[in-house]
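>>> Have a look; sequence and predicted model below, questions after that.
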Amino acid sequence: MSAQLHSTSQGRTMVLTLSNPGQRNALGPAMYAAGVEALNVAETNPEIRSVVITGEGALFSAGGNLQRLQDNRQQEPSVQAESIEGLHNWIEAIRTFPKPVVAAVEGAAAGAGFSLALACDFIVAASDAVFVMAYSNVALSPDGGASWSLAQALPRQLVNELLLCGERISAERLHTLGLVNRVAQPGQALDDALALAEKLNARAPNTLASIKELVNEAAGNSLTRQLALERDHFVRNLHHANAGIGITAFLAKQTPRYD
């Protein structure tokens, strides 16, 4: 069976399921393109408030298909470069997507599968899930933004441990380090991710989009620039109809229902 990305809906959440059971949900160009397309659809659909990415069966993703990579060694380097560009287009689409994206991880998230999870805004992982930047184990260097994501979140020595040693790290340790948001019971990662998504769905979508953009911009901005962006977003959101709904509901001790 070929690799596919299945799209389903759970209320106001789009669920994208990595499906490549014969290759441990290994990723590939068809998945990358489908992922970008699915996010484009979700962005323009006001009924979709969030996205959850998960893997079919008992694991998230083994990362790249090593047999495909071996075959690509016999091709021009441009073939693999084009494939990686497809992955990177999906990673950037997740990072810039204006709605929350949650990774629900069971089993293993290896290589580009780990990179994909790191690109999401939240990670919910089963307590027995394992993560591994397996690139150096097969004489490769990372892709999918792994070096950037880890360097943004962790000290250099720990980033080197993960990337250079290529050893497994548990969901529990990543939770302690702040990279995993929620640790679920085995088999419950998707359910817990959907529960988190539903909490996010109840919040004003324009506000979530602003917060996500501000967080993404912060690392590359000076304080002066970030303060200016915060001012502009705050004023824009204050004059959005949802601010009226939220403030009125809070003062009346009611639950708001945002547009």
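Cool, got the structure. These numbers come from a predicted model, not from an experiment. Numbering: from 1, shown residues only.
>>> Quick one: residues contacting the residue nearest to residue 257 when sequence neighbours are not counted.
Distance criterion C-beta to C-beta, 6 or more residues apart in numbering; nearest residue to residue 257, sequence neighbours excluded, is residue 245 at 7.1 Å. All C-beta spots, glycine's among them, are computed from the backbone N, C-alpha and C. Neighbouring residues of residue 245 by C-beta atoms under 8 Å, 6 or more residues apart in numbering: 204, 256, 257, 258, 259.
>>> Dump the residues you listed to CSV, plus neighbour count and distance to residue 85.
Listed next are these as CSV, based on neighbours: other C-beta atoms under 10 Å; distance: C-beta to C-beta, whole Å:
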residue, neighbour count, distance to residue 85
204, 18, 35
256, 16, 42
257, 10, 41
258, 19, 37
259, 10, 37
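>>> which one of those residues is nearest residue 182?
The closest of the contacts of residue 245 to residue 182 turns out to be residue 204 (C-beta to C-beta; 22.3 Å).
>>> what helix or strand is the residue nearest to residue 257 on?
In this assignment (DSSP states H and E), residue 245 forms part of helix 241-251.
>>> Show me where the stretch 1-150 of the chain dips below the pLDDT cut-off.
Applying pLDDT under 70 to the stretch 1-150 of the chain flags the ranges 1.
>>> Dump stretch 159-175 to CSV, keeping only the CA atoms.
What follows is stretch 159-175, C-alpha atoms only, in CSV (Å, rounded to 0.1, in the frame of the first residue of the first chain):
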residue,chain,number,x,y,z
VAL,A,159,20.9,19.7,20.9
ASN,A,160,24.2,18.1,20.1
GLU,A,161,23.4,15.1,22.2
LEU,A,162,20.1,14.5,20.3
LEU,A,163,21.6,15.1,16.8
LEU,A,164,25.1,13.8,17.1
CYS,A,165,24.5,10.7,19.2
GLY,A,166,21.2,9.7,17.6
GLU,A,167,19.9,8.1,20.8
ARG,A,168,16.3,7.6,21.8
ILE,A,169,14.8,10.0,24.2
SER,A,170,11.6,9.3,26.1
ALA,A,171,8.4,11.4,26.0
GLU,A,172,8.7,11.8,29.8
ARG,A,173,12.2,13.4,29.4
LEU,A,174,11.0,15.7,26.6
HIS,A,175,8.1,16.7,28.8
